[in-house]
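Colleague: task: produce atomic coordinates for the following.
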Amino acid sequence: MKNILIILSILFLSCKGTSQKKLESNTTEKKEDKNIFKRVETINSFQDNSLFTFSDTSSLFIEQFDSNQYIKLSNKMIFLSNSFLESANTICYLYKNNDEKILIVEGNDYYAGIFYVYYFDKENLYEIGTFYVDYPNIEVDRKSEEVDFKVEKQSNKIFIRVLKNNRFQKEESFIISDKEKLKKFESEKEFINYLMQENVLTPENIINHLTFTKDKNDSLKINTEILDYISKNTNRENSTYLFALENYVQKNREDLGWSHEEFAKIKGFVFNTTYLLRKKYWNDKFDEWYGEKPEKLLGSGSYWQENNYYGLPKLEEYVRDFIITHHWTQY
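Modeller: Numbering: from 1, shown residues only. The predicted structure is shown next:
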């Protein structure tokens, strides 16, 4: 699933005319342009888990995740899309007309560019359609041919004129209606709750792709909202996320792309989440569970100590409890 997180901030620019005559001469032109969206910026070429930042502080974040896209506008509104942008090379075009915005996201699709079109009206996001631009030799043509769009809105219709190297190619039109309106979440917590409930039978989707990721500086980012959800909602009957979390840290660090320090931190957060749950709900099988390879987790204890247990208030307590209870001497 691609997660598209879009954070939009609006800058309002104003200008004053120098003469009444000039203002009057531009009246007709302003009336004609009131439905025209102007391109704010274009950003291209990114790898998965990268963050684009536009000069007006707008940003776009795309992350692979199963078969959907998650779109975030500002820090308060999150939208769910059923589309899937399957491309490692993506270009984002941002157009605006006052408070309205058109976002066109391009990805390569063999011999064509596929473009997803979104419309935002301050409160709601609409996924209004897709279109294609042909490239007979996409690896060569896409680098040499500049694509641009003329975007206009008339009533509830969006018209997009496609240009390649300033030559008109075709016109696409889309209708804005409630059926294109994406599911909206008012908070991060509401979104995470929905996400976790929807993937309870496929917990690896969440653990493997959303819990431990990279930020815009290519540093480890841990989604503590997900870990908090697991802590609060796990029991003997509802344990899929716990097991998926434990299985994650049994994998080869290099296959997951983490450094020793990063993987040690992941293990610390996993142990901090799972230890109390194991004691509470599986105490009768506690020795069996930890009896195989406890060093998979606690073998990173020296990193935990050096980093003051990452500010996790219970982690050191859980480690001491395990050592005393199970007479573990390898820490």
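Colleague: could you list the low-pLDDT ranges of the stretch 101-250 of the chain?
Modeller: For the stretch 101-250 of the chain, applying pLDDT under 70 flags the ranges 108-112, 136-145, 216.
Colleague: can you show me the strands along it?
Modeller: With strands called from DSSP state E, counting those that start in this stretch, the stretch 101-250 of the chain shows them at 112-120, 125-134, 147-154, 157-164, 167-175, 183-185, 212-214, 220-222.
Colleague: can you tell me, leaving aside adjacent residues, what's nearest to residue 269?
Modeller: Take residue 269 and drop its neighbours on the chain: the residue closest to it by CB to CB, 6 or more residues apart in numbering is residue 222, 5.6 Å away. C-beta: built from backbone N, CA, C; applies to glycine.
Colleague: against residue 100, how distant is the one you found?
Modeller: Look at residue 222 and residue 100: by CB to CB, to the nearest Å, they are 36 Å apart.
Colleague: got it, and residue 126?
Modeller: Relative to residue 100, and taking CB to CB, residue 126 is found at 11 Å.
Colleague: state the number of residues packed around the residue nearest to residue 269.
Modeller: When neighbours are defined as other CB atoms under 10 Å, residue 222 has 17 of them.
Colleague: report the contact partners of it.
Modeller: Under the criterion of CB atoms under 8 Å, 6 or more residues apart in numbering, the neighbours of residue 222 are 211-212, 265-266, 269.
Colleague: and those, which two are furthest apart?
Modeller: 211 and 265 (12.5 Å; CB to CB).
Colleague: when the two are compared, which one has more neighbours?
Modeller: Legend: neighbour count by other CB under 10 Å for residue 211 and residue 265, higher for residue 211 (24 against 20).
Colleague: mind listing what's buried along stretch 191-205?
Modeller: Neighbour counts over stretch 191-205 (16 or more other CB atoms under 10 Å) mark 191-192, 195-196, 199, 203, 205 as buried.
Colleague: tell me the phi and psi of residue 203?
Modeller: For residue 203, the backbone dihedrals (degrees, to the nearest 10) come out as phi -60, psi -20.
Colleague: the closest residue to it other than its chain neighbours: what's it in contact with?
Modeller: In space, residue 203 comes closest to residue 244 once its chain neighbours are excluded; the distance is 3.8 Å by CB to CB, 6+ apart. Residues near residue 244 by CB under 8 Å, 6+ apart: 203-204, 206-208.
Colleague: can you rerun that using 6 Å?
Modeller: Listed by CB atoms under 6 Å, 6 or more residues apart in numbering, the contact set of residue 244 reads 203-204, 207.
Colleague: so how far is residue 318 from it?
Modeller: Using CB to CB, residue 244 is found at 20 Å from residue 318.
Colleague: again with residue 123
Modeller: The gap separating residue 123 from residue 318 is 44 Å, by CB to CB.
Colleague: neighbour count for those two, which is higher?
Modeller: Each of residue 123 and residue 318 has its neighbours counted (other CB under 10 Å); residue 318 has more, 19 against 10.
Colleague: please, which helix or strand holds the more buried one?
Modeller: According to DSSP states H and E, residue 318 maps onto helix 315-326.
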